[in-house]
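Enquirer: sequence first, predicted model second:
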Amino acid sequence: DEEVSRFALGWRRTNEFKLDPQSRVEFESRWSASLAYDSVRRSGQPKFELPNAVATYDLLRRDVDDKFDPRSGNLVAIGLGVGADLEYGDPFARTSVRAQQWWPVGRRDNITVRTEVGYVHAKDSTRIPDDFGYRTGGAGSIRGYRYFGIGEHVHKSVIGTRALAVASIEYTHYLNNTFGVAYFVDAGDAAPSFKDMRLHVGYGVGARIKTPAGPLFLDVAYGQRDRKLRWHFSLGMAF
């Protein structure tokens, strides 16, 4: 396992806006910066310290019929990040793209497709803060696997790594205006590079319950690589 103790100072700003007040298209921008001192302990490795500075920018474009219960439309998010190991002066950067599309089918059903790709740009020897790298698995990514259980394996620890690619397709059939059932397939990996990826596939079924706060998702999924069934709970909002 991995244990990270962090002392940090940070700043964050979020701004929501529209380019056209009459349009349903919304934008959300997020700026953040932090100065941190990480103490990292991993199974089978000596403890080490990683002082670092990181700045990130994320821009989300949302075009959906209902932000809390989308049935048609799409969202696209672009993420950028830069930082440095303050002990050795090594820089690193990150780029990511996330997209999701909803299509209505008939009176109540819908199909959802989502994908996410990201990469950390740095020298092989550069130390990267764990939360700056990529891990995946669990609700909202690849169901059928532990939450953040897919990444780079170092001894018995799963740590944030350099490359991410995830895709999913889901069909939801509503029995009435409140209850529905979903069928889905998720696939992808987080690895040191795209060429090192080994496909993790998860598939299953889930219950959908519409509430005033948005739909509740309760899924049971089989992780093909782990050969295990897992339960996942999440909210189905367009964020």
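Expert: Arrived safely, thanks for sending.

Enquirer: strands along the chain, start to end?
Expert: Ranges of strands in the chain, per DSSP state E, are 2-17, 26-42, 48-64, 73-85, 91-105, 109-121, 152-154, 157-159, 163-174, 179-191, 200-209, 216-223, 228-235.

Enquirer: tell me, what residue is most central in this structure?
Expert: In the chain, the centroid-proximal residue (CA atoms, centre = their mean) is S141; its distance is 6.0 Å.

Enquirer: tell me the confidence at that one?
Expert: On the pLDDT scale, S141 is placed at 97.

Enquirer: state the distance from it to D85.
Expert: The span separating S141 from D85 equals 27 Å under the rule CB to CB, to the nearest Å. In this view, the C-beta of every residue, glycine as well, is placed from N, C-alpha and C.

Enquirer: same thing with A99?
Expert: Relative to D85, and taking CB to CB, A99 is found at 31 Å.

Enquirer: quick one: which of those two has more around it?
Expert: D85 (19 against 16; other CB atoms under 10 Å).

Enquirer: what sits against the residue lying closest to the more buried one once chain neighbours are set aside?
Expert: Using CB to CB, 6 or more residues apart in numbering and skipping residues adjacent in sequence, the residue nearest D85 is R127, 5.1 Å away. Residues in contact with R127, defined by CB atoms under 8 Å, 6 or more residues apart in numbering, are L50, D85, Y88, D90.

Enquirer: output the below-cut-off pLDDT ranges for this protein.
Expert: Scanning the chain for pLDDT under 70 picks out 238.

Enquirer: same thing but 90
Expert: Applying pLDDT under 90 to the chain picks out residues 1-3, 42-46, 67-69, 154-157, 211-215, 235-239.

Enquirer: which of the strands of the chain sits closest to Y145?
Expert: With distances scored as CB to CB, the stretch of the strands of the chain nearest to Y145 is strand 216-223 (4.6 Å).

Enquirer: so what touches that closest one?
Expert: For strand 216-223, the surrounding residues in contact (CB under 8 Å, 6+ apart) are 139, 142-145, 182, 184, 186, 200-209, 228-236.

Enquirer: before we move on, what about stretch 51-65?
Expert: 24-38, 70-87, 94, 102, 129, 132, 238-239.

Enquirer: now stretch 201-213
Expert: Counting by CB under 8 Å, 6+ apart, 68-69, 142-145, 172, 174, 177-187, 215-225, 229, 232, 235-236 sit against stretch 201-213.

Enquirer: okay, stretch 147-160 in PDB with CA atoms only?
Expert: Extracted C-alpha coordinates of stretch 147-160, given in PDB (Å, rounded to 0.1, in the frame of the first residue of the first chain):
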ATOM      1  CA  TYR A 147     -11.600   2.400  -6.800                       C
ATOM      2  CA  PHE A 148      -8.300   3.700  -8.100                       C
ATOM      3  CA  GLY A 149      -7.000   0.100  -8.200                       C
ATOM      4  CA  ILE A 150      -5.700   0.400 -11.700                       C
ATOM      5  CA  GLY A 151      -2.300   2.200 -12.200                       C
ATOM      6  CA  GLU A 152       1.400   1.600 -11.900                       C
ATOM      7  CA  HIS A 153       2.200  -1.300  -9.500                       C
ATOM      8  CA  VAL A 154       5.200  -0.700  -7.300                       C
ATOM      9  CA  HIS A 155       5.700  -3.600  -5.000                       C
ATOM     10  CA  LYS A 156       2.300  -3.800  -3.300                       C
ATOM     11  CA  SER A 157       1.300  -0.200  -4.000                       C
ATOM     12  CA  VAL A 158      -0.800   1.200  -6.900                       C
ATOM     13  CA  ILE A 159       0.600   4.700  -7.700                       C
ATOM     14  CA  GLY A 160      -0.400   7.500 -10.100                       C
END
